[in-house]
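Visitor: just a sequence and a predicted model for now, questions to come.
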Amino acid sequence: RALGIIAYAGDAFLVHPPTFDHQAFRSYNAALSTNLIDLPGSRLHRALALAQSIINEKETPNVRLWLVSDGGGINSLAFQIAQQLSSEGHRLDIVLTATTESTHPEPVRLSDIQKLARSGGGKTWTMDALGELTGNPFDKTSLVAETRAMALQLGGYRLWSHWLILALLPLALWLMRRQM
């Protein structure tokens, strides 16, 4: 899958456009810091809107978005965009980096974050005090199962192509023999 990075605080910026060059993605990801954007705030809806416009511009189907967040900036606009993304066949998963005891800049409400992820058709993961993810969203077994389920739900008919070719094989062989 193509990977891209959008950073946000008081506004959202495309740090790295979607690319299949995962090494370039890793280098940009390593350079991210909390001081990257001078504008204070947490305008999550701006980041989701930017992601949505890039997805629509590139006409990319079935995108899986990962939001790494401290839990701030959740508002009605963020919910609206998450629902639009989900209705277009995309998925929004959220990794919460703050603990539910965090209060800077505002209290973290896990229920709101989970509701936002569900609105985007995704799931929520949290980090413990050591930065370890609860569960493993990158477990290959679960990723393969979820990808297959998404393919079946959004366009499973495409999986029938090999059977169609197999069914037409006798006709193709007969036509080739007839032309000889």
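Guide: Thanks, I have the structure now.
Visitor: where does this structure have its least confident helix or strand?
Guide: In the chain, no helix or strand scores lower on mean pLDDT, DSSP states H and E than helix 140-155, which sits at a mean of 52.
Visitor: buried sites along stretch 112-125?
Guide: Neighbour-count burial for stretch 112-125 flags Ile113, Gln114, Leu116, Ala117, Arg118, Ser119, Gly120, Gly121, Gly122, Lys123, Thr124, Trp125 (criterion: 16 or more other CB atoms under 10 Å). No exception for glycine: its C-beta is placed from N, CA and C like everyone else's.
Visitor: tell me which entries of those lie within strands.
Guide: Mapping these onto strands (DSSP state E) picks out Thr124, Trp125.
Visitor: could you say which helix or strand holds Ile55?
Guide: helix 44-58 (DSSP states H and E).
Visitor: ditto for Asn35
Guide: Going by DSSP H and E, Asn35 is not in any helix or strand.
Visitor: ok, back up a step: which one of the buried residues of stretch 112-125 is nearest Ala30?
Guide: Trp125 (20.9 Å; CB to CB).
Visitor: which residues does that closest one bridge with?
Guide: Val95 (DSSP bridges).
Visitor: and it, how far is that from Val68?
Guide: 10 Å (CB to CB, to the nearest Å).
Visitor: quick check: closest non-adjacent residue to Ala24.
Guide: Using CB to CB, 6 or more residues apart in numbering and skipping residues adjacent in sequence, the residue nearest Ala24 is His16, 7.1 Å away.
Visitor: likewise for Gly10?
Guide: Going by CB to CB, 6+ apart, Gly10 has Leu39 as its nearest residue, at 2.8 Å.
Visitor: pull the number of nearby residues for that neighbour.
Guide: 11 (other CB atoms under 10 Å).
Visitor: without its sequence neighbours, what residue ends up closest to Gly120?
Guide: Leu92 (2.6 Å).
Visitor: that neighbour belongs to a helix, doesn't it?
Guide: No: assigned with DSSP: H, G, I helix; E, B strand; the rest coil, Leu92 falls outside any helix and is strand.
Visitor: thanks again, I'm all set now.
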